[in-house]
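S.K.: Make a model of this:
(chains A and B)
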2 protein chains.
Amino acid sequence: MLQQPGVTQNLARFIVEARWDDIPHEVRHQAKRSLMNFFAVALAGCRTGPVEIALRSLAEFSGGKQATVVGRSERVDALSAAFLNAAGANVHDYCDTHLRTVIHPTAPVAPAVLALAELRKLSGSDLLLAFILGNEIQARIGLAISPSHYSRGWHITSTCGVFGAAAGSGKLLVLDERQMMWALGTAATQSSGLCECLGTPAKSVSVGNAARNGLWSALLAEKGFDGPAEPLAGVQGLYRALAETPDLSVITAGLGEDWEFMATSYKPYPCGFVIHPVLDCVLDWRRSHPNAEVTRVVVRGNPLLAVRTDRPDVSTGRESQVSVQHAVAAALVTGKAGLDQFTDACVRDPGVLALRSKIEVTRDSALSTIAAAVDITTADGKIHQLSQSAARGSDVNPMSDTDLEDKLRTTAHGWNPHYDTAPLIDAIWALDTSADVSSLVRLAVPR
Amino acid sequence: MLQQPGVTQNLARFIVEARWDDIPHEVRHQAKRSLMNFFAVALAGCRTGPVEIALRSLAEFSGGKQATVVGRSERVDALSAAFLNAAGANVHDYCDTHLRTVIHPTAPVAPAVLALAELRKLSGSDLLLAFILGNEIQARIGLAISPSHYSRGWHITSTCGVFGAAAGSGKLLVLDERQMMWALGTAATQSSGLCECLGTPAKSVSVGNAARNGLWSALLAEKGFDGPAEPLAGVQGLYRALAETPDLSVITAGLGEDWEFMATSYKPYPCGFVIHPVLDCVLDWRRSHPNAEVTRVVVRGNPLLAVRTDRPDVSTGRESQVSVQHAVAAALVTGKAGLDQFTDACVRDPGVLALRSKIEVTRDSALSTIAAAVDITTADGKIHQLSQSAARGSDVNPMSDTDLEDKLRTTAHGWNPHYDTAPLIDAIWALDTSADVSSLVRLAVPR
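M.R.: Down below sits the predicted model:
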């Protein structure tokens, strides 16, 4: 690959020059939806093992009580808060997804800009603009190297997230074009994260680092810490090291007009995306047949469903997230498909175990990955034929605003049954009218 | 590449089981030599721009005054100290080199283990053993992917240094085999650093992170933070992501018997290695001819000398490190080739500028890269023919213990002319007999 100068500078200029008034209404609204989803998943993840251990460790080294850890009473320095909130938001793989890159975009960016919002007085429109730009930049940096980058074993949420966090933080710090390039350069040299770590706490370290190191890159740039002129497309730059055949043109094509950020989707269920249309069928049916005894289930889906999730025997909550048999059984037994349905306890539930063995998976290439058909046989011998053409949460059938509120209410309830989510939900929808968002994240801590 | 299990476990077992009594005398002594060189370069780097800015930024977030920053009165948390001492030691590219990988091995490892030595009571032999193991492990991880990894743009000191810091720190924390594997896994997912950043402050971030994140990986593992079973050779592991054609056999071949650590060399001069034999000639001659007026110099060297350093016109100290014309002119004018000879000021010195234009470079394939011949013509018309067959600091002509002490004395003098280096030098040579090394690094701060 030859050096192609100007790529980083063009991105930096776009970030620096972008104004709130330039952001279309639907993009602004999408940012609020992403933050709604962020608080939902961050509250869900804030007491998990990786966050507990990382918090205990960082507390030994952290100075000041600058910033909030979502869902926790502890306060830590801003860099550590960015780390912990990113790790917590992503730990369940329940966060949002930029479909073309499989980047989980909000986990690295929101914690960085929210930590800055506690350090400096910022308006809601400042925060939203920075958040949108961070999301947009990391999606485009990732698009240029997709799908080969991910195939090579890179955890793209981490490797590209550090740029999103740097761009969003740099925007809030009002960096000039030169400083923004430095921030992106310092982010580039911290880009890391391996898919081999998925399914282990080590995953949370690269996601947390993306937020922490992106934020720090911007703070260093503000103090004059400089970097290379072309960290992305230079002869020894990011793309040469981390990618096979980058397509640099997609980084800036239509920038500011076509918003990649709009291609973000949200998960209604904390399990593999291909299982989602199956769960839509099963949950709807269970609601209208609460007492029916199920004797057999045949699930028909795109071949990818069987390839990824035909796992009749799983023993941990983590594994159950990619088992269609478990997901269907748990949904039929409990009537739900939330975090509680993908725990070790639910996997060991005798009722779920008994039903799991009655579920078959078949392949149908005529179905897309967001479609499924399910035949449920009940004890009375009747066969109930169900189908879903576009899963809830997919790009053509997105979760509604109310769905996202409900997701937040549900995970918040699991976190603390007495917590009133209304002030947080109201604050998120009203963010663009807020003159000071320093207290936003503090609406999501124990009282 | 197919998954090859056991690579990480074999490394982890070696680190866990290694004992001080197993370490040969010459390897122990090499460790002290490396630490002597470390303090020399850390004192030289402790007041440079990257360290100043990073320290100012980290101080906003750092808690406690746990650990020492070499050469500074400020104290910071242990993670930040590891970062700053690694960044400072490497900033001038004056540190040690593992020749087969071009890893600068001590910069990431020493700061991590020294920071731990301030947190916990450790003996000198504990410290030396951990330091040796960290160096050995990172060299072997790097060897398996050399030279293609570096060619691809990876800054190998950073990408492999994080493993050295994790291994050394994990040894001091007395991790068991399983925990050591976790530490190496969390290190793997933080492996990063781009050569594109060389020559800019951004370089210091990946080197600092290697020390900081390696140390933190070990601390997390101690608390039970787990990771993948095969972070190095797994199907989506480090080698798949960061390398072309790894040779996994070199990681463990002869481990504990053949010490890669012994292939570490030290730089007598803070400039490109190919210039070193030229400087040996010129400095020796100048000492015996202090007043001779030089009218012409012809340097003859391996073709690589011309390729890399035939730069008659340079304008910054940084560029001057790879200009043989500048190096020779400065050495002839000042009689030295230390840090002061590779500054912006020295590049602008009228005497140096005048002499620079009288220096020619010729190519001679018969000479190795560590050899050179120099013809100096003086005003009396005499031609002085000089040659060096093996540069000082090369593997066949290593710097002596006294040379290393002198290097420390020289850089310490530049740092503070009134500083007495004797206590630090004595403490390093006596390290293996010390029962508590917590105060070692405090011998290198302002009094």
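
S.K.: so who does the residue lying closest to A:Leu122 once chain neighbours are set aside touch?
M.R.: Residue nearest to A:Leu122 in three dimensions, not counting chain neighbours: A:Val437, with 5.7 Å by C-beta to C-beta, 6 or more residues apart in numbering or on different chains. Every residue, glycine included, has its C-beta placed from N, CA and C. Contacts of A:Val437 were listed using C-beta atoms under 8 Å, 6 or more residues apart in numbering or on different chains, and they are A:Ala117, A:Leu122, A:Ser123, A:Gly124, A:Asp126, A:Leu127, A:Leu431.

S.K.: Put together CSV for those residues, with distance to B:Asp21, pLDDT and neighbour count on each row.
M.R.: What follows is the contacts of A:Val437, written out as CSV (distance: C-beta to C-beta, whole Å; pLDDT from 0 to 100; neighbours: other C-beta atoms under 10 Å in any protein chain shown):
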residue, distance to B:Asp21, pLDDT, neighbour count
A:Ala117, 56, 96, 25
A:Leu122, 59, 96, 21
A:Ser123, 65, 97, 17
A:Gly124, 64, 97, 21
A:Asp126, 61, 98, 21
A:Leu127, 59, 98, 26
A:Leu431, 64, 98, 20
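
S.K.: if we take the residues you listed, which one ends up nearest to chain B?
M.R.: Of all the contacts of A:Val437, chain B sits closest to A:Ala117, with 15.9 Å by C-beta to the nearest C-beta.

S.K.: rewinding a little: quick one: the residue nearest to A:Leu122 is in a strand?
M.R.: No: secondary structure of A:Val437, determined by DSSP: H, G, I helix; E, B strand; the rest coil: coil, with no strand assignment.

S.K.: Can you get me a residue count around A:Arg240?
M.R.: Using other C-beta atoms under 10 Å in any protein chain shown, the number of residues around A:Arg240 comes to 22.

S.K.: My error: substitute A:Thr402 in the last question.
M.R.: By other C-beta under 10 Å, 8 other residues sit near A:Thr402.

S.K.: what pLDDT does it get?
M.R.: Per-residue confidence for A:Thr402 comes out at a pLDDT of 98.

S.K.: Please save the CA atoms from stretch A:372-392 in CSV.
M.R.: Extracted in CSV, the C-alpha atoms of stretch A:372-392 (Å, rounded to 0.1, in the frame of the first residue of the first chain):
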residue,chain,number,x,y,z
ALA,A,372,-37.6,-17.4,10.7
ALA,A,373,-40.5,-19.9,10.8
VAL,A,374,-41.4,-21.9,13.9
ASP,A,375,-43.8,-24.8,14.2
ILE,A,376,-45.0,-25.4,17.8
THR,A,377,-46.8,-28.7,18.6
THR,A,378,-48.9,-28.7,21.7
ALA,A,379,-50.0,-31.6,23.9
ASP,A,380,-53.4,-31.4,22.2
GLY,A,381,-51.7,-32.4,18.9
LYS,A,382,-52.3,-29.1,17.4
ILE,A,383,-49.4,-27.5,15.3
HIS,A,384,-49.1,-23.7,15.5
GLN,A,385,-47.3,-22.3,12.5
LEU,A,386,-45.6,-19.0,13.2
SER,A,387,-43.3,-16.8,11.2
GLN,A,388,-41.4,-13.5,11.3
SER,A,389,-40.1,-11.9,8.1
ALA,A,390,-38.0,-9.2,9.7
ALA,A,391,-36.7,-9.5,13.3
ARG,A,392,-37.4,-6.7,15.8
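
S.K.: Quick check: buried residues in it?
M.R.: Of the residues in stretch A:372-392, those buried by neighbour count under the rule 16 or more other C-beta atoms under 10 Å in any protein chain shown are A:Ala372, A:Ala373, A:Val374, A:Asp375, A:Ile376, A:Thr377, A:His384, A:Leu386, A:Gln388, A:Ala390, A:Ala391, A:Arg392.

S.K.: got it, and stretch A:339-350?
M.R.: A:Leu339, A:Gln341, A:Phe342, A:Thr343, A:Cys346, A:Val347, A:Asp349.

S.K.: For A:Ser357, give me its contacts.
M.R.: Neighbouring residues of A:Ser357 by C-beta under 8 Å, 6+ apart: A:Pro312, A:Gln325.

S.K.: Please report how far it lies from chain B.
M.R.: As for A:Ser357, its distance to chain B is 29 Å (criterion: C-beta to the nearest C-beta, to the nearest Å).

S.K.: where in chain A is pLDDT low?
M.R.: Along chain A, the parts satisfying pLDDT under 70 run over A:1-4.

S.K.: what do you get if the cut-off is 80, keeping everything else the same?
M.R.: Low-confidence segments of chain A, defined by pLDDT under 80, span residues A:1-5, A:244.

S.K.: Domains of it: list them as residue ranges, please.
M.R.: Listed by automatic domain parsing, the domain ranges of chain A are A:7-266+A:426-444, A:273-388.

S.K.: Next, the distance between the ends of the shortest one.
M.R.: Same thing as domain A:273-388. Using C-alpha to C-alpha, to the nearest Å, the gap from the first to the last residue of domain A:273-388 comes to 14 Å.

S.K.: Give me the neighbour count for A:Thr369.
M.R.: Using other C-beta under 10 Å, A:Thr369 is surrounded by 17 other residues.

S.K.: how about the nearest residue to it once chain neighbours are set aside, what does it touch?
M.R.: Nearest residue to A:Thr369, sequence neighbours excluded (C-beta to C-beta, 6+ apart): A:Asn302, at 4.6 Å. Under the criterion of C-beta under 8 Å, 6+ apart, the neighbours of A:Asn302 are A:Val274, A:Arg363, A:Asp364, A:Ser365, A:Leu367, A:Ser368, A:Thr369, A:Ala371, A:Ala372.

S.K.: All set now, cheers.
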